[in-house]
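**Q** Make a model of this:
(chains A and B)
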Amino acid sequence: MGFINLLTRNKKALFGLCIVGFFILTSIFAPFITEYNAAKRVTGSHVAPSQEHVLGSTRMGRDVFAQTLYGGRVSLAVGFGAGIIVVAMAVAIGITAGYFGGIIDEVLSSLMNIMLVIPQLPLLMVLAAFIGEVSPMVIAMIIGLTSWAWGARVVRSQTLAVREKEFVVAAQVLGEPSWRIILIEILPNLVSIIGASFIGSVIYAIMTQATLEFLGLGDPTSVTWGTQLFNMQKTSAIHIGAYWEVFSPIVVIACVGAGLALLNFAVDEIANPQLRSHVGLKRWKQITAQKEAEAAQEATAQQGAAS
Amino acid sequence: MGFILRRLVFYFGAFLVAVVINFFLPRMMPGDPVDAMLAQGARFTAEQIANLRLTFGVDQPLYEQFFTYLGDVFTLQLGNSTFFSNMPVSEVLANAFGWTLFLTGTATILAFMFGATLGILAAWYRGGKFDSLASPLSLVLQATPQLVFGIVVLFSLGVTWDLIPISYAYDPELTPDYTSWEFIKNVLHHAVGPIFCIFIVQLGGFLVPMRNNMINLLNEDYITMGKAKGLSNIRVMLNYGARNAILPSVTALSMALGFVVGGALVVEVIFNYQGLGSVLYNAIINRDYQLIQGQLLIMTVFMLAFNFLADVLYVFLDPRLRKGGK
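**A** Numbering: from 1, shown residues only, chains lettered A, B, ... in the order given. Down below sits the predicted model:
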């Protein structure tokens, strides 16, 4: 897998990967890290951080550390789940539009363009408000179903470019069925774009879920980073100065977002070598310097031989 | 001209889609829309329920309801808010709109100016210290949601250090008087926090594309030509590079302005600022459905208007497009 190789060789990508991996692991192994139940009262209201409660407690007497760990399960699951839905729809719609062209393309493209200009957050709010106290799974679904348009547009334009390549035309002339050309010939050329779009969607989904729940559209009984923030706002933890309750979900969300953004930046650089600034440029300079040195050596050697 | 007309038709279509969503969503719920609202915990008086049934026209056939609704939308009759003591939705929204526009408009324009300038510098000194610090940093900032910034800024500057007010657009004791310096100063003081939060998140959104455009352009022959002619670096950077690279950013600015109305929602809620965001928050908490729907419409209209402006600007700014049009 050259792609994974490239990812690990890029320092930014590796760093991002470590951050995201860390939070995925801590939320999966939450029961081994904390003994407290995240949804139950375990101590008094707004207890400051101590040895027993590393990150203190909320007004409801819940352990903030446990909530943040367990909250990661749902928040990350929603992020990645929605990311998968977004990418699946974007790829399906984008490739179909790009490959088949004609009236199919026209219909799908105008659908994409319309989805792009309708503001998503208010649309999600209206959807969530009418569905009512949406569970994390429903949030993942409505985010997935409303956010595919940008990815689809990128996939479509890349498909248009790949479709004209000789190897695709060759496959068509050989009489390969369309599904095979799409899956075997075209799809592998879209991997980096799909990767970038997936990571972008995961970031977007995590942030959007937190925002929707913060605004009170989510199911208040579920334990997620968003409902932590909702309860924090409702009990005015900021004004009381309960910094542990305010910053735990915030720091975690910001870290995961930063980790994913670094990963995305790296994928971007891999997909578009022109943007590579440091490593590539340095190597290029090294190579040219080496070549020049060799040429100079040869020249002196030739001069030596001539004289 | 044909291009602009086509875009207008498209935007009108997109607006209709938003209207259709607004129309069908409450009617797809089990029971009639009013039952659905009540089931969600909306608190209405008997009079309000009767009024709502009338507004939704639940006894008429669906297509008739649709045309009634369409007519209402175009005459700005978006129903009455149940939370804001029965005020018409359009009035509630209009009152809040100015504040939101003030916050986000200021923040976006500042972000554009700083972001574009820093992006030009990052591209010019590509691979240098500034670039390798600023570019990843702005990507990270961009990925950090306003939710995070808002809370951090409110907590640190507002609560801990007491530098900025933590609530409202101006002191509630003051009477709004837009000619008095005292009042304006108060408004500005209250706006610093929210504007800063919106600004910092958008900054990266302008810096990174500007940098990437500029880097692509710097490989063009005319840049090499400019340098070969012995023009000063500043001249090549600004007149040859930036002038061309800024085109997509100008349209991005206009689209970002379209987003602003939605973008400020969370910051306004955190700072308890009396714009559209706070209105929406109250609407959601109190299940004020018609107000929520009105928000979707007003934000869609705003978004479409600025997208259209971006299209027009592009034709105006890029001579290549203008020639092609003729």
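**Q** quick one: low-confidence parts of chain B?
**A** B:1, B:29-33, B:36-37, B:39-43, B:57-59, B:143, B:260-263, B:320-326 (pLDDT under 70).
**Q** So in it, which helix runs the longest?
**A** When chain B is parsed with DSSP state H, its longest helix is helix B:181-218.
**Q** and the gap between residue B:258 and chain A?
**A** Remark: distance between residue B:258 and chain A (Cβ to the nearest Cβ, to the nearest Å) = 8 Å. Glycine gets a C-beta too; all of them are placed from N, C-alpha and C.
**Q** Provide the secondary structure category for residue A:36.
**A** Following DSSP: H, G, I helix; E, B strand; the rest coil, the label given to residue A:36 is coil.
**Q** Give me the neighbour count for it.
**A** Neighbour count for residue A:36, taken as other Cβ atoms under 10 Å in any protein chain shown: 21.
**Q** Isn't it up against residue A:54?
**A** No - assessed by Cβ atoms under 8 Å, residue A:36 is found out of contact with residue A:54, at 10.1 Å.
**Q** so how far is the longest helix of chain B off the chain centroid?
**A** Helix B:181-218 has its C-alpha centroid displaced from the chain centroid by 13 Å (Cα atoms, centre = their mean, to the nearest Å).
**Q** tell me which residues in it are buried?
**A** B:183, B:186-187, B:190-191, B:193-215, B:217-218 (16 or more other Cβ atoms under 10 Å in any protein chain shown).
**Q** Now do the same contact list for residue A:215.
**A** A:125, A:230, B:265, B:266, B:269, B:280, B:281, B:284 (Cβ atoms under 8 Å, 6 or more residues apart in numbering or on different chains).
**Q** try it again with 7 Å
**A** The neighbours of residue A:215, taking Cβ atoms under 7 Å, 6 or more residues apart in numbering or on different chains as the test, are B:269, B:281, B:284.
**Q** Walk me through the domains of chain A.
**A** Chain A breaks down by automatic domain parsing into domains covering A:2-271, A:277-307.
**Q** So which of these is the most surrounded?
**A** Stretch with highest mean neighbour count among these: domain A:2-271 (a mean of 19; mean count of other Cβ atoms under 10 Å in any protein chain shown).
**Q** mind checking the SS state of residue B:86?
**A** Here residue B:86 is recorded as coil under three-state DSSP.
**Q** Near chain B, which residues of the stretch 1-150 of chain A are found?
**A** With Cβ under 7 Å from any Cβ of the partner chain as the criterion, the stretch 1-150 of chain A meets chain B at residues A:12, A:113-114, A:117-119, A:121-123, A:125-126, A:129-130, A:132.
**Q** Residue 150: what's its closest spatial neighbour, skipping adjacent residues?
**A** In the absence of a named chain, this looks at chain A. residue A:116 (6.5 Å; Cβ to Cβ, 6 or more residues apart in numbering or on different chains).
**Q** I was thinking of chain B, sorry if that wasn't clear
**A** Residue B:150's closest residue in space is residue B:270 (Cβ to Cβ, 6+ apart), at 3.8 Å.
**Q** what's the answer for residue B:186, then?
**A** residue B:170 (4.8 Å).
**Q** so where do the helices sit in the stretch 51-200 of chain A?
**A** Secondary structure of the stretch 51-200 of chain A (DSSP state H, counting those that start in this stretch): helices at A:64-100, A:102-117, A:120-131, A:136-146, A:149-163, A:166-173, A:178-180, A:191-214.
**Q** swap in the stretch 1-150 of chain B?
**A** In the stretch 1-150 of chain B, the helices defined using DSSP H, counting those that start in this stretch lie at B:2-28, B:33-39, B:46-56, B:62-74, B:89-124, B:129-143, B:146-153.
**Q** Buried deepest among the ones you listed, which one?
**A** Of all the helices of the stretch 1-150 of chain B, helix B:146-153 carries the top mean neighbour count, a mean of 24, counting by mean count of other Cβ under 10 Å.
**Q** Report all helices and strands that that one contacts.
**A** In terms of contacts (3 or more Cβ pairs under 7 Å, 6 or more residues apart in numbering or on different chains; DSSP states H and E), helix B:146-153 is packed against helix A:191-214, helix A:243-271, helix B:181-218, helix B:265-270.
**Q** Now do it against helix B:129-143: the angle between them, please.
**A** Between helix B:146-153 and helix B:129-143, the angle formed by their directions is 110 degrees, by axes from the mean of the first three to the mean of the last three Cα atoms, to 10 degrees.
**Q** and helix B:146-153 with helix A:243-271, angle?
**A** For helix B:146-153 and helix A:243-271, the angle between their directions (the same axes, to 10 degrees) works out to 130 degrees.
**Q** CA atoms of helix B:146-153 as PDB?
**A** C-alpha atoms of helix B:146-153 as PDB (Å, rounded to 0.1, in the frame of the first residue of the first chain):
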ATOM      1  CA  GLN B 146     -16.500  28.500  16.500                       C
ATOM      2  CA  LEU B 147     -18.100  26.600  19.300                       C
ATOM      3  CA  VAL B 148     -14.600  25.900  20.700                       C
ATOM      4  CA  PHE B 149     -13.200  29.400  20.100                       C
ATOM      5  CA  GLY B 150     -16.300  31.100  21.500                       C
ATOM      6  CA  ILE B 151     -16.200  29.200  24.700                       C
ATOM      7  CA  VAL B 152     -12.500  29.600  25.200                       C
ATOM      8  CA  VAL B 153     -12.600  33.400  24.500                       C
END
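**Q** any idea how far that helix is from the chain center?
**A** Distance of helix B:146-153 from the chain centroid (Cα atoms, centre = their mean) equals 17 Å.
**Q** re earlier: moving C-terminal of the longest helix of chain B, what's the next helix or strand?
**A** Sequence-wise, the next helix or strand downstream of helix B:181-218 (DSSP states H and E) is helix B:221-228.
**Q** Looking at chain A, which residue is nearest chain B?
**A** Of all residues in chain A, the one sitting closest to chain B is residue A:261 (3.6 Å; Cβ to the nearest Cβ).
**Q** Just confirm that residue contacts residue B:137, I think it does.
**A** No - look at residue A:261 against residue B:137 with Cβ atoms under 7 Å: they stay out of range, at 10.0 Å.
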